[in-house]
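Asker: mind folding the following:
(one chain, ligands or ions: 1)
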Amino acid sequence: MLGLMMDMPLTLTMIMRHGERSHAQQEIVSVTADSPRHRYTYAECFRRARQLANVLRSLGASADARIGTLGWNDYRHMELYYAISCSGRVCHTINPRLFDAQIEYIVNHAEDEFLFVDVSFVSKLEAIALNCPGVRGYVVMTDAAHMPATTLPNVHCYETLLASAADTYEWPDLEESTAGGLCYTSGTTGNPKGVLYNHRSAVMMAYAAALPDAANLSAMDGILPIVPMFHVNAWGLPFAGVLVGAKMVFPGPRLSAPDILADLITEEGVTISAGVPTVCLPLLDYAAQTGRSLAPLARFIIGGSACPLSMIEAFRDRHGVKVLHAWGMTEMSPLGTVNADNPKSAALTDSARSEQLLSQGRPLPGVELKITDDDNRDLPWDGQTVGALKVRGLWVCRDYYRLDGAGDAHQADGWFVTGDICSIDPSGFVRITDRAKDVIKSGGEWISSIDLENAAMGHPDVAEAAVIGVPHPKWQERPLLVVVKKAGASIEGKAIIQWLGERVAKWWLPDDVVFVDELPHTATGKLSKLELRKRLADYQLPDVAG
Ligand code: AMP
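Answerer: Numbering: from 1, shown residues only. Okay, here's the model as predicted:
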């Protein structure tokens, strides 16, 4: 027997309508290349989204066109998110930090019809436009006064187009399975792979992200997404924020300027922010150096790579900010797990509490996890056994977009192989120990590079640390610690090993410590171990070199 409830599709249009009607006067504040502090309301944002939908129509974009964006976090990008997706098209956010050849590949692979580009990335596109013959036109996201001279063909000015567009538009009734967004993974090997989100997955993730044991969002919040809108839709916050009617605060091109971030936090009433650990370090350092308070900031979602304990403690002890350590992937829209307490974890003290804070947390309802061994047999959730992490759920991708050639991450039994290695405890708390390809195999046992990095990062003189496995004739592989010292520090390798000796098993201790001025990062701000291994390809451990 079927139920008799209304069959209303889960669409971003529904979220947009709700925001426009019920939170019309809520503010959206942005830093942009052409304005240090632009502010307007939800009502204005969605009025302009209707104008933008008319612009897309008059430009001649097809009904299901992929429309690319190369933009910072700001109100125009937000308008594009809604106008493109809710008009039935696909908002293809492109990471401008990728290499030209990768951008060229994904623009052509996605068959983007139009590209909306921030002033800062115009020259990047000029370099590749000739190789993207399918792109029918470019729109620079600025006003006439700030329009740069450019060689881009068929180029328009965003504000000029909007000024002449009507603000009435009948949003189409979309099926919830309609594609609404496209984001390519910044895969470190091979070509980037496209993840095609649909309205339903975006809506379901927005609901889950807003839950108390996730980001705990409400209309009383000010949300500052530092995680870029070109990286998995800024972790869905532009959708979850509108769902609850929160104030949105966007840092635009100034996302790595800690003084601007601190200004936005204190002056705009930001209560929650989100980003990868590498963006948090400068903010914490700046606050420490200047003695600035980060009030009213209360929560910080940190994910994308493992958040060191030292960072979680610095936020908690110096600023009263609760770090919500989260794990996810582009393929998971991206939220998989968030570390929020249950009564048992909240009661832990001392080192058990610290260990618990390092966990990536429990799965959000709507995401299922399992760990398996090499023969695909399920492993126990005992907090000790480590295995390959597999997921399935309401916002997990079922296949890559037009993937030519094999993609073995999606298994026939419906599970997605994340490529991460972890343990899960009986309450469902996940502890990621490594990417499968980064795990260090020493004498048949596994050493967690993430745990070692975490312990090293706790040393007061260490700014950043990476651990990679290097070949060893007897042990197969041994860990090598690569360290960036804090400015002015004069620490030696021996002292760091001694520090680690008090924190990890003896056989885990790195065989050597190498100091470097900086570590390589990927386009999404994660440590690039692939590049680090390349740089250290000729390195030999002291006892191997003799
Ligand atoms: P991406 O799709 O580029 O966002 O990368 C996803 C990958 O980032 C995951 O498969 C993990 O390897 C890594 N990752 C994300 N969040 C965390 C975290 N909190 N701790 C450790 N690794 C993480």
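
Asker: check which residues of stretch 120-133 are buried.
Answerer: Going by neighbour count (16 or more other CB atoms under 10 Å), the buried part of stretch 120-133 is 120-122, 124-126, 128-129, 132. In this view, the C-beta of every residue, glycine as well, is placed from N, C-alpha and C.

Asker: give me the residues contacting that stretch.
Answerer: Among residues not part of stretch 120-133, those counted as contacts by CB atoms under 8 Å, 6 or more residues apart in numbering are 33, 70-72, 96, 100, 103-104, 107-108, 112, 115, 117, 135, 138, 140, 148, 150-153, 253.

Asker: the same query, at a cut-off of 10 Å, please.
Answerer: Contact partners of stretch 120-133, identified using CB atoms under 10 Å, 6 or more residues apart in numbering, comprise 33, 68-72, 94, 96-98, 100-105, 107-108, 111-112, 115, 117-118, 135, 138, 140-142, 147-155, 252-253.

Asker: same question for that stretch, mean pLDDT?
Answerer: For stretch 120-133, the mean per-residue pLDDT is 96.

Asker: which of the contacts of stretch 120-133 fall within helices?
Answerer: Filtering the contacts of stretch 120-133 for membership in helices, criterion DSSP state H, returns 100-105, 107-108.

Asker: whichever of those end up buried, select them in PyMOL.
Answerer: Remark: buried members of the ones in helices among the contacts of stretch 120-133, expressed as a PyMOL selection using 16+ other CB under 10 Å:
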select buried, resi 102+103+104+105+107
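
Asker: okay, now residue 19: neighbour count?
Answerer: Residues contacting residue 19 under the criterion other CB atoms under 10 Å number 24.

Asker: give me the element the nearest residue to it once chain neighbours are set aside is part of.
Answerer: Nearest-residue entry for residue 19: residue 242, 3.9 Å, with adjacent residues in sequence omitted and distances by CB to CB, 6 or more residues apart in numbering. Residue 242 is part of helix 237-244, with elements assigned from DSSP states H and E.

Asker: then that helix to CSV, C-alphas only?
Answerer: Written as CSV, here are the backbone C-alpha positions of helix 237-244 (Å, rounded to 0.1, in the frame of the first residue of the first chain):
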residue,chain,number,x,y,z
LEU,A,237,26.9,25.7,3.3
PRO,A,238,25.3,28.0,0.7
PHE,A,239,22.4,25.5,0.6
ALA,A,240,22.3,24.6,4.4
GLY,A,241,22.6,28.3,5.2
VAL,A,242,19.5,29.3,3.2
LEU,A,243,17.6,26.3,4.5
VAL,A,244,17.9,27.7,8.0
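
Asker: from the contact counts, what lies against the helix or strand following that helix?
Answerer: Counting by DSSP H and E, the next helix or strand C-terminal to helix 237-244 is strand 247-250. In this structure, strand 247-250 packs against strand 27-32, strand 35-41, helix 42-59, helix 75-86, strand 222-225, helix 237-244, helix 258-268, with contacts taken as 3 or more CB pairs under 10 Å, 6 or more residues apart in numbering; DSSP states H and E.

Asker: CSV for those, including mean neighbour count and distance to residue 12?
Answerer: Rendered in CSV, the data for those read as follows (neighbours: other CB atoms under 10 Å; distance: least, CB to CB, whole Å):
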stretch, mean neighbour count, distance to residue 12
strand 27-32, 22, 16
strand 35-41, 14, 19
helix 42-59, 21, 11
helix 75-86, 26, 5
strand 222-225, 25, 17
helix 237-244, 27, 6
helix 258-268, 19, 25
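
Asker: let me have the ones you listed in CSV, extended by distance to residue 349 and mean pLDDT.
Answerer: As requested, those are exported to CSV (distance: least, CB to CB, whole Å; pLDDT from 0 to 100):
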stretch, distance to residue 349, mean pLDDT
strand 27-32, 40, 98
strand 35-41, 44, 97
helix 42-59, 44, 98
helix 75-86, 43, 98
strand 222-225, 32, 98
helix 237-244, 33, 98
helix 258-268, 31, 98
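
Asker: nearest to the ligand: which residue in the stretch 401-546 of the chain?
Answerer: Among all residues of the stretch 401-546 of the chain, residue 432 sits closest to the ligand, at 4.2 Å; criterion: CB to the nearest ligand atom.

Asker: show me where pLDDT drops low in this structure?
Answerer: Along the chain, the model assigns pLDDT under 70 to residues 187-189, 404-406, 546.

Asker: how about the residues of it near the ligand?
Answerer: Residues of the chain found near the ligand, taking CB under 6 Å from any ligand atom as the criterion, are 185-186, 303-306, 325-330, 334, 360, 418-420, 432, 435, 524.

Asker: now intersect the residues you listed with the helices, please.
Answerer: Short answer: the residues of the chain next to the ligand have none in helices (DSSP H).

Asker: domain-wise, how is this structure divided?
Answerer: 8-200, 438-545 (automatic domain parsing).

Asker: single out the most deeply packed of those.
Answerer: domain 8-200 (a mean of 19; mean count of other CB atoms under 10 Å).

Asker: circling back: format the buried residues of stretch 120-133 as a markdown table; extra columns: secondary structure.
Answerer: Supplementary listing: the buried residues of stretch 120-133 in a markdown table, determined by DSSP: H, G, I helix; E, B strand; the rest coil:
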| residue | secondary structure |
| --- | --- |
| 120 | helix |
| 121 | helix |
| 122 | helix |
| 124 | helix |
| 125 | helix |
| 126 | helix |
| 128 | helix |
| 129 | helix |
| 132 | coil |
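
Asker: now the helices and strands packed on strand 247-250 as CSV including distance to residue 512?
Answerer: Formatted as CSV, the entries for those read as follows, by distance: least, CB to CB, whole Å:
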stretch, distance to residue 512
strand 27-32, 44
strand 35-41, 48
helix 42-59, 54
helix 75-86, 45
strand 222-225, 39
helix 237-244, 41
helix 258-268, 33
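
Asker: for residue 365, what are phi and psi?
Answerer: The phi and psi torsions at residue 365 (degrees, to the nearest 10) take the values phi -60, psi 130.

Asker: that one touches residue 208, doesn't it?
Answerer: Yes - using CB atoms under 10 Å as the test, residue 365 is close enough to residue 208 to be in contact (6.4 Å).

Asker: before we move on, back to that, in strands, which of the contacts of stretch 120-133 appear?
Answerer: Counting by DSSP state E, the contacts of stretch 120-133 place 68-70, 112, 115, 117, 138, 140, 155 in strands.

Asker: what number of residues lie near the residue of the stretch 401-546 of the chain closest to the ligand?
Answerer: Other residues near residue 432 come to 22 when the count uses other CB under 10 Å.

Asker: from memory it sits against residue 339, does it?
Answerer: No - if you go by CB under 10 Å, residue 432 and residue 339 don't touch, sitting 11.3 Å apart.

Asker: what residues are shared contacts of these two?
Answerer: 327, 358-360.

Asker: list buried residues within those.
Answerer: 327, 358-360.

Asker: just the closest of those to residue 540, please.
Answerer: Of all those, residue 540 sits closest to residue 358, with 32.0 Å by CB to CB.

Asker: who touches the residue of the stretch 401-546 of the chain closest to the ligand in this structure?
Answerer: Contacts here follow CB under 10 Å, 6+ apart; on that basis residue 432 touches 305-306, 327, 337, 358-360, 386, 389, 418, 420-423, 448, 450-451.

Asker: where strands are concerned, which of those residues count?
Answerer: Secondary structure assignment by DSSP E places 327, 337, 389, 418, 420-423 of the contacts of residue 432 in strands.
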